[in-house]
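Q: sequence unknown, structure follows:
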């Protein structure tokens with residue numbers, strides 16, 4: 001070996017062997033999981049009709065049947081009940097009458113976690 005090569009060899013730092021770094025991922029298993037069911041659906045209830053005597057409602061005087069229906073639809077929460085002993089408004093009476101038909105549609109269930 002020549003002198004230059006020996007000096008260069010001595011001056012150069014020694015190459016160290018790289019150590020392999022191994023990372024370990026520790027998985028922890030939960031002791032419990034909360035699972036719940038969420039339900040979605042649409043419900044339609046058809047209730048017994050309440051028959052009103054038009055003469056008992058002066059606000060309907062002079063209206064056509066279509067005008068009466070529109071008026072009642074917009075104001076039944078303010079109109080007197082046909083049975084004032086039990087109900088305050090026509091709306092309350094209608095919503096408390098017996099169910100004659102019930103229909104459930106669009107049922108879906110979904111699994112959710114807390």
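A: That came in fine, so what should we check first? In this text the structure is predicted, and so the values were computed from the model without any measurement.
Q: going forward, measure contacts and count neighbours with C-alpha atoms only.
A: OK.
Q: Now the residue nearest to residue 103 when sequence neighbours are not counted: which helix or strand?
A: Spatial nearest neighbour of residue 103, chain neighbours left out: residue 44 (5.1 Å); criterion: C-alpha to C-alpha, 6 or more residues apart in numbering. For residue 44, the host element (DSSP states H and E) is strand 35-47.
Q: Point to the residue nearest the middle of this protein.
A: residue 40 (7.3 Å; C-alpha atoms, centre = their mean).
Q: Backbone dihedrals for the residue lying closest to that residue once chain neighbours are set aside, please?
A: Counting by C-alpha to C-alpha, 6+ apart, residue 108 is the residue found nearest to residue 40 once chain neighbours are left out, at 5.1 Å. Per-residue torsions, residue 108: phi -140, psi 140 (degrees, to the nearest 10).
Q: can I assume residue 108 is in contact with residue 41?
A: Yes. At 6.4 Å, residue 108 counts as touching residue 41 under the criterion of C-alpha atoms under 8 Å.
Q: what do these two both touch?
A: Counting by C-alpha atoms under 8 Å, 6 or more residues apart in numbering, residue 108 and residue 41 have no common neighbour.
Q: just how off-centre is the strand holding residue 44 within its chain?
A: Offset of strand 35-47 from its chain centre (C-alpha atoms, centre = their mean, to the nearest Å): 10 Å.
Q: ok, residues contacting stretch 95-105?
A: With contact meaning C-alpha under 8 Å, 6+ apart, stretch 95-105 is reached by 41, 42, 43, 44, 45, 46, 47, 48, 49, 50.
Q: My understanding was that the second one contacts residue 108; is that so?
A: No. Residue 42 is beyond contact range of residue 108, at 10.0 Å (criterion: C-alpha under 8 Å).
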